[in-house]
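Q: Need the 3D shape of this:
(one chain, ligands or ions: 2)
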Amino acid sequence: MTSIQPAFQYVDLAPELDEGTDKDLRESWPEYGLLTLESASFSHHASLPFVLRKIFVAVRPYEKVGIVGGNGSGKSSVLNMLFRLGNNSGTVRIDGYPVKDLKLKTLRETLSVIPQCPVLFSGTIRNNLDPFKRHVDGDIWEILDDVQMKNKILNFNRKLDTLVSDSGSILSIGELQLLCLARAMLMGSRIIIVEESSVDHETDMFIQKTLRHKFKDCTVITVAHRLNTIMDSDRVMVLDNGKMVEFDEPSILLNNSNGHFRKLVDQAGRNEAQRLVNVAEESKRLRHIMLLQSKLQYPGCHVTVSKTKAEIINYFGTQVVYETTV
Ligand SMILES: Nc1ncnc2c1ncn2[C@@H]1O[C@H](COP(=O)(O)OP(=O)(O)OP(=O)(O)O)[C@@H](O)[C@H]1O
Ligand SMILES: [Mg+2]
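A: Ligands and ions are numbered 1, 2, ... in the order given. This is a model prediction of the structure:
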């Protein structure tokens, strides 16, 4: 990854060992954005204990998944695990291909990240948004308009040629996150990982809204610090001390009065908890309407938010081999 970098502040500056080769990688990969974790564990260094332990999960194509959990439960470590920024065990696959066999460059060009603290910018705004020089300026301005950053950049003397380090003092963390969002849109990644920032609630809400509109056909994983942002997710993953303790639709998790998610929601206080429950119920209703519509439109289509494990295997056939509990 050239310019906007994820949580690389966590890793040593020594060159990373890359054992991936991209061997037998299909030219069309990644086609769908199916992310599977099979007994996946992660530690920040081989000498350190696992902080994510034996996670089995399949995140379906197009799915919007929120990750929640208490402090230190492992939410941010999921991002590190996906980007191979540490010591992975078990298997993580994207559309059936093991992430460990990918060249790091391929992996980091495939996943787009909108990190919590996008501090490690270098180069110009143009380089950051389009590191592989695949787009004309017109495309870049259009995307900047989509993320409501066009006017801001137009006001810089050197416009797209402004060095991000120069603009750093005048761009907030939220605005840097919006640039990451623009970059993900330009890259056309199938899988986007967002780490919600804890400073700028409005930007978070805007990012979530934009993700839902502009990334309908992408798998989006949001590491959440506030429940508000992920109540309308398709599914929520709850982490506790490095273990995945719950993974289901928010409205289903809320029905379990002793469940981890229900408890997290209840901690918000009675009125706020009720509001969050209402958001989950409303989004469930909308999802079911969309599901019905998609079945009417595409009678043969199995890629819907209500897919079961059997349906996924059915859809992907033998191309995607994964052994996991959904
Ligand atoms: N760079 C690191 N090196 C070593 N251990 C780390 C590193 N980053 C996090 N950890 C440890 O990994 C565990 C999980 O931390 P992580 O940051 O993933 O949790 P989190 O759920 O994101 O927490 P928070 O809500 O505070 O952001 C914790 O025990 C933490 O101390
Ligand atoms: Mg964190």
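
Q: Burial check on whichever residue of the chain sits closest to ligand 2, number of neighbours?
A: Across the chain, the shortest distance to ligand 2 (C-beta to the ion) belongs to Ser76, at 3.2 Å. To be clear about C-beta, it is placed using only N, CA and C from the backbone, and glycine gets the same treatment. Ser76: 19 surrounding residues under other C-beta atoms under 10 Å.

Q: so what pLDDT did it get?
A: For Ser76, the model assigns a pLDDT of 93.

Q: now check the strand or helix carrying it, is it near ligand 1?
A: Using DSSP states H and E, Ser76 falls within helix 75-82. Yes. Using C-beta under 6 Å from any ligand atom as the criterion, contacts between helix 75-82 and ligand 1 involve 75-77.

Q: what's the closest of those to Pro118?
A: Nearest to Pro118 among the residues of helix 75-82 next to ligand 1: Ser76, at 13.9 Å, using C-beta to C-beta.

Q: Low-confidence ranges, the stretch 151-300 of the chain, go.
A: Applying pLDDT under 70 to the stretch 151-300 of the chain picks out residues 166-169, 198-199, 290-300.

Q: can you give me the strands in the stretch 151-300 of the chain?
A: Ranges of strands in the stretch 151-300 of the chain, per DSSP state E, counting those that start in this stretch, are 191-195, 219-223, 235-240, 243-248.

Q: Give me the angle between the first one and helix 75-82.
A: Meaning strand 191-195. If you take axes from the mean of the first three to the mean of the last three C-alpha atoms, to 10 degrees, strand 191-195 sits at 150 degrees to helix 75-82.

Q: what angle sits between strand 191-195 and strand 219-223?
A: Angle, strand 191-195 to strand 219-223, by the same axes, to 10 degrees: 10 degrees.

Q: now the third one
A: Between the axes of strand 235-240 and strand 219-223, defined by the same axes, to 10 degrees, the angle is 40 degrees.

Q: just the last one next, same as before
A: What separates the directions of strand 243-248 and strand 219-223 is an angle of 130 degrees, with the same axes, to 10 degrees.

Q: Give the buried residues for the lengthiest helix in the chain.
A: Secondary structure of the chain per DSSP state H: the longest helix is helix 270-297. For helix 270-297, burial by neighbour count (16 or more other C-beta atoms under 10 Å) applies to 273, 276-277, 279-280, 283-284, 287.

Q: Around ligand 1, pick out the residues from the chain.
A: Counting by C-beta under 6 Å from any ligand atom, the chain comes close to ligand 1 at 10, 44, 48, 51, 69, 71-77.

Q: residues in contact with the helix holding Ser76?
A: For helix 75-82, contacts defined as C-beta atoms under 8 Å, 6 or more residues apart in numbering pick out 6-7, 10, 35, 40, 42, 44, 51-52, 67-69, 85-86, 88, 92, 99, 111, 113, 115-116, 193, 195, 221, 223-224, 239, 242.

Q: Could you check how far that helix is from the centre of its chain?
A: Offset of helix 75-82 from its chain centre (C-alpha atoms, centre = their mean, to the nearest Å): 10 Å.

Q: Report the beta-bridge partners for the residue nearest the centre of the chain.
A: The residue lying closest to the centre of the chain (C-alpha atoms, centre = their mean) is Ile193, at 1.8 Å. Beta-bridge pairing for Ile193 (DSSP bridges): Val113, Ile221.

Q: you'd agree Ser41 is in a helix?
A: No. Read with DSSP: H, G, I helix; E, B strand; the rest coil, Ser41 is strand and lies in no helix.

Q: Surely it is in contact with Phe56?
A: No. Using C-beta atoms under 8 Å, Ser41 is not in contact with Phe56; the gap is 11.0 Å.

Q: Work out for me the element Asp145 sits within.
A: Asp145 is part of helix 137-146 when elements are defined by DSSP H and E.

Q: Check what contacts that helix and list those residues.
A: Under the criterion C-beta under 8 Å, 6+ apart, residues 126, 129-130, 150, 153, 160, 182, 185-186, 210, 214 lie in contact with helix 137-146.

Q: Buried subset of these as a ChimeraX selection?
A: Here is the ChimeraX command that selects the buried residues among the contacts of helix 137-146 (16+ other C-beta under 10 Å):
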select :126,129,130,150,153,160,182,185,186,210,214
